[in-house]
Structures are given as C-alpha cells and as structure tokens.
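Trainee: Take a look and give me a structure for this.
(one chain, ligands or ions: 1)
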Amino acid sequence: MTDFIDKQVYLNGKYLPLSEAKVSVLDRGFLFGDGVYEVIPSYAGLFFRLQDHLDRLKASMSRIRLEFDYDLEKWLEILTPLLDKTKDQYIYLQITRGVSSTRDHAFPKNPVPTVFAMCSEILPFAGVETGVKALTIEDSRWEMCDVKATTLLANVLLRQKAIEQGCAEAILHKRGYVTEGAASNLFAIIDGILMTPEKTAEILPGITRQVILELAKKNDFLVSEEIISLEALKTASEIWITSSTREIIPVVELDSEKVGDGKPGPVFHKMNQLFQQYKKTL
Ligand code: PDD
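Mentor: Next up, the predicted model:
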C-alpha cells in the first residue's frame, strides 16, 4: 500500500509521489468530466502500439475541441520514466480542459490543460482461463462513444449492473444491435465468421480490437466488421471481449445461457496464442 501511494506519477510537468499529486476542485475534469484519457499497455518496459494510442488521444481531443499537442518523442520522454522495465504495466494518461476561475459550462477563454499520467501493474485476470459471464443491457450512453472521454458515468452504471448480477461485463445494445462492452470491444464467431461491430461513433475504436483484426486477416481467418444484431449474437459459438488491460477474454455465459459448449472456444485459443506471440515482437 505504501508502495502504491509513494509511486511516482506525472502531473503538469512534474514527477511526484501519488499522495502529493493534487488538482484544483475547479478543474473541469472534476466538475464536468471535461477531459479525455488513454490506457496504454507496456510489456517489460516496451509500449504496446503507443503511436495508435496517441493517434486516438489526438482524435478524442479534436472531437471535444481540446487544443493540446505533444509529439511521440515528447510523450516518450514523459511516460518512459514512469515504467518499471521488469513488469507488465499500463499507463493511465488523462488530459482535461484545465482549471477555470468559476464553475461555468462554457469553455474558459485560454484553457491550460491538466495533464496527468500514472503507471499501474497489469495483473493476471483469471477470466482468460475460465471465461466470464456477461449480461446484455440497453446502451444508455451518448452519441460520441468513439471519444475516450473521462465522462464515464453511464459505463460505470452499466458495468456495476452486470457485476451485481454475477457477470464480469455488460454487453451493450442499441436499436436491436450490439455495440461493445461497458469497458471493452466485442467479437463473436457467428456461422464460422469472426465478427465485430463496425467502427462508428457508437463504439470506441479499440487498439486491441485493431490488433486482433490485423492478426485475423494475416492468418486467414474469415473476418467481418459489420452490424451484429442481438439476436445473431445469441447464436454465436464464441464471444470475446477485448481491452488493453485484459486483452482477449472469452464470454462463456450470456444472459445465463451457455455460449457454445460453455468453455473458451478453439478460435479464442488460436487468437490468444497469436496475440501473445505478437506481444513478444514489440
Ligand atoms: N477501456 N470500449 C470501451 C468503452 C472501453 O472503455 C475500452 C477500454 C475499449 C477497448 O479499447 P482498447 O483495446 O484500446 O483498450 C472499448 C479501458 C481499458 C479503460 O477504460 O480502462
């Protein structure tokens, strides 16, 4: 615990212990959730698809009209000292529209963004071996789910609802179509094809999702990015949820019904093997 609060974090140009990292109560991230973030994995000190994460960060900032620009070199200079090269970790990086003089919804005149980064260990997740249960829930989020915004109240409530029903994730649907998980993207094997919902503003363009699609295409999987109805999802022989911190997790039970034979499936095992091999090539 002491280790945790004493670990060094980055805040607005300085490295300091987590326990001393403070932001103003007038920070717009605190008052309005007016900010964006990234979760960037690093394996044994090497960043995983850093440029892709930074490109998505840039896209998120542009979508919320937050003007801030550091290049790859500058981010490497800031983030690298936070890493422990002996561990698998992830960087949490958050940028808000900064501190205003009063609480006002309108943008401040000359915002000075707040930049915060900390590093945490990626802990093994038992669900990879056993698979997890998931619950389908109506997607109650907004129209800009492609933005990795810190405004996550809907995601929090949806995930919590799933947890309280003994599930690890909420699989969200809108107008009869599935979108993604509360904090993950979604893949399903339907009629032998590896499918994932296409990229729209209704989902976050996940980096893990992108890597899986690349590996699938390279290894001649039948793959398709398309609209998936909730009805079709219920016929899937395999379902996976994917994210930077948990990689690929098989869903073995959906709404209390077994997915396939109720065990992580063969396509999952193959893809997980390819993904683990890919990580070693960083
Ligand atoms: N979340 N969709 C949502 C809504 C997410 O929150 C996440 C990841 C993903 C997967 O994206 P990626 O593969 O780039 O991690 C999809 C992170 C891990 C989080 O909020 O902690």
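
Trainee: what residues does the stretch 151-282 of the chain put near the ligand?
Mentor: Contact residues, the stretch 151-282 of the chain versus the ligand (Cβ under 6 Å from any ligand atom): 155, 180, 183-185, 204, 206-209, 242-245. C-beta here means a position set from N, CA and C on the backbone, and glycine is covered the same way.

Trainee: switch the cut-off to 8 Å
Mentor: Residues of the stretch 151-282 of the chain found near the ligand (Cβ under 8 Å from any ligand atom) are 152, 155, 180-185, 203-210, 242-246.

Trainee: what does the stretch 1-150 of the chain give?
Mentor: 37, 39, 53, 56, 90, 92, 145, 148.

Trainee: Point out the other elements, helices or strands, that the helix or strand harbouring Ile171 touches.
Mentor: Taking DSSP states H and E as the definition, one finds Ile171 inside strand 169-174. Helices and strands touching strand 169-174, as assessed by 3 or more Cβ pairs under 8 Å, 6 or more residues apart in numbering; DSSP states H and E, comprise strand 132-138, helix 153-164, strand 177-181, strand 238-243, strand 247-254.

Trainee: any chance of the ones you listed in CSV, plus mean neighbour count?
Mentor: Below are the helices and strands packed on strand 169-174 laid out as CSV (neighbours: other Cβ atoms under 10 Å):
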stretch, mean neighbour count
strand 132-138, 19
helix 153-164, 16
strand 177-181, 24
strand 238-243, 25
strand 247-254, 23
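
Trainee: Please produce JSON lines containing these, extended by mean pLDDT.
Mentor: JSON lines is the format used below for those (pLDDT from 0 to 100):
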{"stretch": "strand 132-138", "mean pLDDT": "98"}
{"stretch": "helix 153-164", "mean pLDDT": "98"}
{"stretch": "strand 177-181", "mean pLDDT": "98"}
{"stretch": "strand 238-243", "mean pLDDT": "98"}
{"stretch": "strand 247-254", "mean pLDDT": "98"}
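
Trainee: Could you verify my assumption that Trp240 touches Phe268?
Mentor: Yes. Trp240 lies in contact with Phe268 (Cβ atoms under 8 Å); the separation is 5.9 Å.

Trainee: shared neighbours of these two, anything?
Mentor: 248, 250 (Cβ atoms under 8 Å, 6 or more residues apart in numbering).

Trainee: what are the ranges of the strands in the stretch 1-150 of the chain?
Mentor: Along the stretch 1-150 of the chain, counting by DSSP state E, counting those that start in this stretch, strands occupy 8-11, 14-17, 35-43, 46-47, 88-96, 114-121, 132-138.

Trainee: strands paired with the fifth one, and their directions?
Mentor: Partner strands for strand 88-96, per DSSP bridges, with pairing direction: strand 35-43 (antiparallel), strand 114-121 (antiparallel).

Trainee: Buried residues, the first one. List them.
Mentor: Of the residues in strand 35-43, those buried under the neighbour-count criterion (16 or more other Cβ atoms under 10 Å) are 35-42.

Trainee: Next, the angle from that strand to strand 238-243.
Mentor: Using axes from the mean of the first three to the mean of the last three Cα atoms, to 10 degrees, the direction of strand 35-43 lies 110 degrees away from that of strand 238-243.

Trainee: Name the surrounding residues that touch strand 35-43.
Mentor: With contacts defined as Cβ under 8 Å, 6+ apart, strand 35-43 is touched by 28-29, 47-48, 50, 53-54, 56-57, 60-61, 64, 66, 79, 83, 88-97, 114, 119, 122, 147-150, 243-245, 279, 282.
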